[in-house]
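Engineer: One predicted model, sequence on top.
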Amino acid sequence: MGQPDIFDRHALKLRWQRALKNVGNGADFLMRLVAEDIEDRLATIKRDFPVALDVGGHSSLVEEALGRAPNVGTVFRMDILCPTNKGTSPACVIDDAQPPLKDESVDLIVSALHLHLVNDLPGTLIQLNRALRPDGLLLATLPGADTLNELRDVLMRAEIDVAGGVSPRVSPFADTRDLGGLLQRAGFALPVADVDRMTVRYDNLFGLLKDLRVMGATSVLTDRPRTPLRRDVLLRAAELYATDYSDPDGRIRATFSLVTISGWKPHESQQKPLKPGSGKVSLAEVLKDTSKS
């Protein structure tokens, strides 16, 4: 069986090409936040990474953040398209479904807001693991399951109310625990997945949709409808949004859940979990001492 065709890769390239024309206009705030977070996380790691890859950055923000990190050496950006207009060109243009990476060739792989759009995430994680040298690090940020839950809800209800049916309008996002499990299955040691939730406020639904278009973050599901939402459906969705997800000042809320995953290529120097039964103090003794206090 071939890989699942969940996302329309051609549509994704077109969305990102449009987004690259708007780098720096404020709508790339999510990518800027993620790039800053990656830089902060790397600053806490007491280890050097001579060769680093930015996989699927589709702008230079993450590449620049890696370049500022004192423990990161040479940085290569790999993308599925060659940027035009604003932004620097990547080191190479690849099909990220089959990244042409040599086994054990890099020390750090970073991906920002990209891996959720590959059609075979488990397979991609396995290939990235193979590309890392022993004790190399994968650090990636993906939208989590709560992302745009308000938008998904009002679009679904509006279509049912007005059109009598529902179509997939917002891409699915992975659960935090599922992502941690995928890291482990892909062979990463010390897998960690943590989530940061942020709320962004807009004047109305149309302001949110405009930002998503400028970001290149509108749906690229293969099964998405090929016709735009009807005006009456959009107006009903805007009404539902204003009623159910607005603050006292009338502005609406949009949730973005950012899941950061990290995993290390196994190495003998890494901390190992203790074997069952190797503890020197029994749980029963600890609980008995606690009950006396």
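Structural biologist: Here it is on my side, so go on.
Engineer: any idea where the strands of the chain begin and end?
Structural biologist: 49-55, 72-79, 92-93, 106-112, 132-143, 189-202, 252-264 (DSSP state E).
Engineer: Pick the most deeply packed of those strands.
Structural biologist: Most buried of those, by mean neighbour count (mean count of other Cβ atoms under 10 Å): strand 106-112, with a mean of 26. Heads up, the C-betas are built off the backbone N, CA and C, glycines and all.
Engineer: related to what we said a few turns ago, for the strands of the chain, which one sits closest to Arg226?
Structural biologist: Counting by Cβ to Cβ, Arg226 lies closest to strand 132-143 out of the strands of the chain; the figure is 23.5 Å.
Engineer: Could you please name the strands that closest one pairs with and the direction of each pair?
Structural biologist: For strand 132-143, the paired strands and their directions (DSSP bridges) are strand 106-112 (parallel), strand 252-264 (antiparallel).
Engineer: any idea how far it is from the chain center?
Structural biologist: 13 Å (Cα atoms, centre = their mean, to the nearest Å).
Engineer: Output that strand in PDB with nothing but the alpha carbons.
Structural biologist: Only the C-alpha atoms of strand 132-143 are listed here, as PDB (Å, rounded to 0.1, in the frame of the first residue of the first chain):
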ATOM      1  CA  LEU A 132      20.600  12.000  13.100                       C
ATOM      2  CA  ARG A 133      24.000  11.100  14.500                       C
ATOM      3  CA  PRO A 134      24.000   9.200  17.900                       C
ATOM      4  CA  ASP A 135      22.900  11.700  20.600                       C
ATOM      5  CA  GLY A 136      21.500  14.000  17.900                       C
ATOM      6  CA  LEU A 137      18.300  15.900  18.700                       C
ATOM      7  CA  LEU A 138      14.900  16.300  16.900                       C
ATOM      8  CA  LEU A 139      13.000  19.400  17.900                       C
ATOM      9  CA  ALA A 140       9.700  20.200  16.200                       C
ATOM     10  CA  THR A 141       6.600  22.200  16.900                       C
ATOM     11  CA  LEU A 142       3.200  21.300  15.500                       C
ATOM     12  CA  PRO A 143      -0.300  22.600  15.900                       C
END
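Engineer: Leaving out chain neighbours, which residue sits closest to Met156?
Structural biologist: Val166 (5.2 Å; Cβ to Cβ, 6 or more residues apart in numbering).
Engineer: Spit out the contact partners of the one you found.
Structural biologist: Listed by Cβ atoms under 8 Å, 6 or more residues apart in numbering, the contact set of Val166 reads 156, 159-160.
Engineer: Those residues into a markdown table, with extra columns for pLDDT?
Structural biologist: Output for those, formatted as a markdown table (pLDDT from 0 to 100):
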| residue | pLDDT |
| --- | --- |
| Met156 | 93 |
| Glu159 | 92 |
| Ile160 | 93 |
